[in-house]
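# what follows is a predicted structure for the sequence shown.
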Amino acid sequence: MPARKRNREINIVGISALDVFCNTVGVLAFMLLLFAVVTIDLVISARPKPPNPIVNLTILTARNLPNAIVGQHYDLALSASGGVAPLRWKTDETRLPGNLQFNPNEGRLNGLPNLAGEYTFFVDVEDSPTDKSQKQTATASFRLNILPAEKAPSKLSLLWQWLLLIGIMLLILVQQFFLFILSRRQSAEVQGGLRKYNVRMIIEPDGQQGLSGNPPAVKEAQQEFEEINKNYRRLKTISWGALAFALAVYIGWVFTMI
């Protein structure tokens with residue numbers, strides 16, 4: 001049985017007069033709204049703007065400038081607030097310290113100072129307003145102290161420092177060696193006294209050293225040992241004084257050579 005063909009339905013949508021009217025009104029409304037927005041923006045833009053408030057021109061840099069040193073590059077920019085940019089600086093360059101220049105566009109003082117001393121100079125700054133009647137000018141007096149060149153460190157300074165350290169150590173070692181020899185000498189004299197008087201050294205119950213033997217011999221030995229100790233203490237004090245004096249003389253000499 002032959003298959004039947006289904007008829008395809010075709011819908012034709014028509015545009016009515018009402019649709020055309022509504023579309024036209026919508027387009028006109030949109031264009032009217034756009035025209036109103038543009039007109040309002042033009043009106044607002046055409047309104048005169050209020051003038052900017054005038055801010056007083058003031059130099060901010062401290063009047064006592066940082067110190068300069070002879071032979072060392074100096075660079076300092078002055079600063080100001082207020083006014084209308086660009087700012088223009090000026091000064092009497094004949095009053096500037098020797099070998100320093102002033103840049104009027106940047107308000108910068110730089111150069112290589114070559115003469116120590118205290119200098120005072122005036123600097124003016126003016127702004128650049130459109131209305132010349134509103135031009136402002138500020139003036140300030142500055143003081144610059146140029147210090148003399150610092151003493152260049154000696155190439156031998158490090159060597160002298162080592163010599164100072166080594167010298168102090170040697171002096172202390174000599175003094176300690178002297179005390180060691182003195183102590184050995186004292187010990188030898190004590191041992192000789194013990195044999196001479198036929199006495200011996202003992203430790204008392206309280207922990208102190210004492211002598212044991214014939215009482216007259218013990219008494220003579222004690223007197224001799226006290227004299228030995230007295231001489232030892234005197235020589236020890238002298239050695240410390242000599243060390244202090246030698247250190248003072250040596251350190252003073254080293255510092256004069258640096």
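Ah, there it is.
# nearest spatial neighbour of the residue nearest the centre of the chain, skipping sequence neighbours?
Most central in the chain under CA atoms, centre = their mean is residue 66, positioned 14.3 Å from the mean C-alpha point. Among residues not flanking residue 66 along the chain, residue 76 sits closest, at 6.6 Å (CB to CB, 6 or more residues apart in numbering). Where C-beta positions appear, they are placed from N, C-alpha and C, glycine not excepted.
# burial of the one you found, as a residue count?
Using other CB atoms under 10 Å, residue 76 has 16 neighbouring residues.
# can you classify residue 162 by secondary structure?
Three-state call for residue 162 (DSSP: H, G, I helix; E, B strand; the rest coil): helix.
# ditto for residue 106
coil.
# any idea how far stretch 123-141 is from the chain center?
36 Å (CA atoms, centre = their mean, to the nearest Å).
# residues making contact with that stretch?
Outside stretch 123-141, the residues that touch it by CB atoms under 8 Å, 6 or more residues apart in numbering are 54, 56-59, 61, 63, 78, 80, 82-91, 102, 107, 120-122, 142.
# and if you look at stretch 94-113?
Identification of contacts with stretch 94-113 by CB under 8 Å, 6+ apart yields 65, 68-80, 86-91, 93, 114-115, 117, 119-123, 125, 144, 146.
# strands of the stretch 1-150 of the chain, start to end?
Here the stretch 1-150 of the chain has its strands, by DSSP state E, counting those that start in this stretch, at 58-59, 68-69, 74-77, 80-81, 88-91, 100-103, 108-111, 117-126, 137-147.
# show me what the fourth one pairs with in its sheet, parallel or antiparallel.
If I follow you right, that is strand 80-81. Looking at strand 80-81 with DSSP bridges, its partner strands are strand 58-59 (antiparallel).
# ok, the fifth one next?
For strand 88-91, the paired strands and their directions (DSSP bridges) are strand 117-126 (antiparallel).
# mind checking the pLDDT average for the partner strand?
Strand 117-126 carries an average pLDDT of 92.
# please apply the same query to stretch 235-245.
86.
# what does that stretch rub up against?
Contacts of stretch 235-245 (CB under 8 Å, 6+ apart): 171-172, 175, 178-179, 182.
# repeat that for 6 Å
175, 178, 182 (CB atoms under 6 Å, 6 or more residues apart in numbering).
# likewise for stretch 204-224?
Counting by CB under 6 Å, 6+ apart, 193, 197, 199-202 sit against stretch 204-224.
# can you put those in TSV and add pLDDT, secondary structure and neighbour count?
Formatted as TSV, the contacts of stretch 204-224 follow (pLDDT from 0 to 100; DSSP: H, G, I helix; E, B strand; the rest coil; neighbours: other CB atoms under 10 Å):
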residue	pLDDT	secondary structure	neighbour count
193	80	helix	19
197	80	helix	20
199	77	coil	22
200	81	strand	13
201	76	strand	14
202	76	strand	11
